[in-house]
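Asker: Following is a predicted model, sequence given first.
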Amino acid sequence: MSLPSRISAARVSAVILFGLFSSGCAPSPQPGERTFVDDLGYPVRIQRSVKRIVSLLPSNSEMVCLLDCERLKGGTRYDRFPEELTQRIKEKNLEVIGGGFDPNLEKIFEIGPDLILVNGPSQQRVTLPLKRMGFPVFSLYPQDMDGIRRDFLLLGEILDREEKARRLLADVETGLEEFRRKTRRSVKRRVYLQTWPDPMITVGKNSMSQWILDLAGGINIFKDMPFDSGKVSLEWIIQRDPEVLIFVDSQREFAERIRELPGWREINGVRKNHICFIEAAYLRRTIQFLDGVKRIHQCLFGTVA
């Protein structure tokens, strides 16, 4: 999609409003396009030569940059990995378009991406106007190693970087096998992982975080929750009595407070002060997931795998 580099804010806003209220009919297939099916089952037509990509999720930004960072023209305020990505942001070679749920649609329109990469169902409302404006919006939503392998190879095919994708995946799988070999005899420990403090939110069945916990040697006490994540109560946590509590790093103040609160002190992990912190970035859906697995394993068992 070719657009002028400078365009009036009024014109951009008008186009966005048109996208919001238009019927959303997709244009007819064009020469030089390929159709790929994303993780939500939507067929998406994508140009054979993708030159301008916008990502609305840090893990997607990371995977693009591992394959060909120069083509990523827009990312989120939370993008941190790899080093080349943060350097491109500092040098203003990459536009920060906001976050996954509050993207600046005018900036995206001005970039004129050939491809917009998003997460799963939670971002569909945000991306609806972009779809209606004709931008190819593609969901990458892996939930385990099989999903990561599939998505990374698919992204490699879209970007014509299949060989590089296979090479990087081979390195990851070698590292994963080595980790499994070293930790094969570890005892499992019951874990409560809190991703948000108010309301208290944890991870559930079939989430990427659940898979990472399991791989690290943890048993998620809410693994029977039928959603990726959901609200829980202190009563439920007390009832399930985790041996270890893990909080996303930004919740340190919350975690320090619970040590003195009635109810929380009934929990095994709080009594034994087995509380750890992890940066949200280490729970991301990307081929570099093994960093997070190793950090959680160290939290659970006090050893580096």
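Answerer: Alright, I've got the coordinates.
Asker: going forward, measure contacts between C-alpha atoms and count neighbours the same way
Answerer: OK.
Asker: Show me where the stretch 201-305 of the chain has its helices.
Answerer: Assigned by DSSP state H, counting those that start in this stretch, the helices in the stretch 201-305 of the chain fall at 208-216, 234-240, 252-258, 268-271, 290-301.
Asker: what residues go with each domain of the protein?
Answerer: Following automatic domain parsing, the chain resolves into domains at 9-167, 189-301.
Asker: Residue 180 is nearest to which of these?
Answerer: The closest of the domains of the chain to residue 180 is domain 189-301. By Cα to Cα, the value is 8.1 Å.
Asker: how far is the closest one from where the chain is centred?
Answerer: Relative to its parent chain, domain 189-301 has a centroid offset of 17 Å by Cα atoms, centre = their mean, to the nearest Å.
Asker: Need the residues that contact the helix or strand encompassing residue 146.
Answerer: Using DSSP states H and E, residue 146 falls within helix 145-158. Identification of contacts with helix 145-158 by Cα atoms under 8 Å, 6 or more residues apart in numbering yields 46, 48, 50, 63-64, 67, 140-142, 161-166, 169, 285-287.
Asker: which of these are buried?
Answerer: 46, 48, 50, 63-64, 67, 140-142, 162, 165, 169, 285-287 (16 or more other Cα atoms under 10 Å).
Asker: For residue 84, which of the helices of the stretch 201-305 of the chain is the nearest?
Answerer: helix 290-301 (18.0 Å).
Asker: the helices in the stretch 1-150 of the chain, which residues?
Answerer: 9-21, 58-68, 83-90, 105-111, 124-132, 145-158.
Asker: Run the angle between the last one and helix 58-68 for me.
Answerer: For the pair helix 145-158 and helix 58-68, the angle between their directions (axes from the mean of the first three to the mean of the last three Cα atoms, to 10 degrees) equals 50 degrees.
Asker: Put together CSV for the domains of the chain, with mean pLDDT and distance to residue 178 on each row.
Answerer: Putting those into CSV (pLDDT from 0 to 100; distance: least, Cα to Cα, whole Å) gives the following:
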stretch, mean pLDDT, distance to residue 178
domain 9-167, 87, 15
domain 189-301, 93, 11
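Asker: Just tell me which of those ends up closest to residue 181.
Answerer: domain 189-301 (11.8 Å).
Asker: would you put the C-alpha positions of the longest helix seen in the chain in CSV?
Answerer: Scanning the chain for the longest helix, with DSSP state H as the assignment, gives helix 162-183. C-alpha atoms of helix 162-183 as CSV (Å, rounded to 0.1, in the frame of the first residue of the first chain):
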residue,chain,number,x,y,z
GLU,A,162,12.4,-19.3,5.8
GLU,A,163,16.0,-20.6,6.0
LYS,A,164,16.8,-18.1,8.8
ALA,A,165,13.7,-19.0,10.7
ARG,A,166,14.5,-22.7,10.5
ARG,A,167,18.1,-22.0,11.7
LEU,A,168,16.9,-20.0,14.7
LEU,A,169,14.3,-22.6,15.6
ALA,A,170,16.9,-25.3,15.5
ASP,A,171,19.0,-23.4,18.1
VAL,A,172,15.9,-23.0,20.3
GLU,A,173,15.0,-26.6,20.1
THR,A,174,18.5,-27.7,21.0
GLY,A,175,18.4,-25.4,24.0
LEU,A,176,15.0,-26.7,25.0
GLU,A,177,16.2,-30.3,24.9
GLU,A,178,19.3,-29.5,26.9
PHE,A,179,17.1,-27.8,29.6
ARG,A,180,14.7,-30.8,29.7
ARG,A,181,17.7,-33.2,30.1
LYS,A,182,19.1,-31.2,33.0
THR,A,183,15.7,-30.8,34.8
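Asker: quick one, it and helix 208-216 angle?
Answerer: Using the same axes, to 10 degrees: helix 162-183 against helix 208-216 is 50 degrees.
Asker: got the angle between helix 162-183 and helix 290-301?
Answerer: Here helix 162-183 runs at an angle of 10 degrees relative to helix 290-301 (the same axes, to 10 degrees).
Asker: what's helix 162-183 packed up against?
Answerer: Where contact means 3 or more Cα pairs under 8 Å, 6 or more residues apart in numbering; DSSP states H and E, helix 162-183 is packed against helix 145-158, helix 290-301.
Asker: picking that back up, farthest-apart pair in the buried ones among the contacts of helix 145-158, please.
Answerer: 48 and 285 (25.3 Å).
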